[in-house]
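1. sequence unknown, structure follows:
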Ligand SMILES: [Zn+2]
């Protein structure tokens, strides 16, 4: 282990870094670490990415006429992205065997009913994967919808 002084390419920050491992390759590895962004630049980059994702999700929500989310600015920005990702997953069901526009509408109605940003954040780990969507979907079908489902005759999911 040894300490090397490096100058980050990202912002010119001069830093001391520890380099481990074989002595003869340490300098080369120290040089390579200059090319990697420093922690501050990585954090800024993540913040910019998150901001862009939030703006994109907000724009899409506006285009789609989705309900406004409530919460702090930070909560809303985050929840917009979570909701947008969830809708994208749900829309992928459109190509699932047996899916009908009515099923997708049902799911989208439930997504739109959730307007508290905190709910999206609290439940982010369990946001619907396709199978969850289907479980919820199946449990909610009316007799009419079940008949419609059966009539499709090509359903492959249990
Ligand atoms: Zn930097």
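-> That came through fine. If you're wondering where the values come from, they're calculated on a predicted model, not measured in any experiment.
2. check contacts around the residue nearest to residue 31 when sequence neighbours are not counted.
-> What sits nearest to residue 31 in space, not counting adjacent residues and going by C-beta to C-beta, 6 or more residues apart in numbering, is residue 6, at 7.7 Å. Where C-beta positions appear, they are placed from N, C-alpha and C, glycine not excepted. Shown in contact with residue 6 (C-beta atoms under 8 Å, 6 or more residues apart in numbering): 14, 15, 16, 17, 30, 31, 33, 34.
3. now do 10 Å
-> Residue 6 sits next to 13-17, 19, 30-36, 38 when contact means C-beta atoms under 10 Å, 6 or more residues apart in numbering.
4. among these, which lie within helices?
-> 30, 31, 32, 33, 34, 35 (DSSP state H).
5. turn these into TSV, including pLDDT.
-> Shown next, in TSV, are the ones in helices among the contacts of residue 6 (pLDDT from 0 to 100):
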residue	pLDDT
30	92
31	92
32	93
33	93
34	94
35	94
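6. now, which of the residues you listed lie close to the ion?
-> Counting by C-beta under 5 Å from the ion, nothing from these sits close to the ion.
7. near the ion at all, the host helix or strand of residue 59?
-> Assigned by DSSP states H and E, residue 59 belongs to helix 39-64. Yes. Judged by C-beta under 5 Å from the ion, helix 39-64 and the ion are in contact via residue 41.
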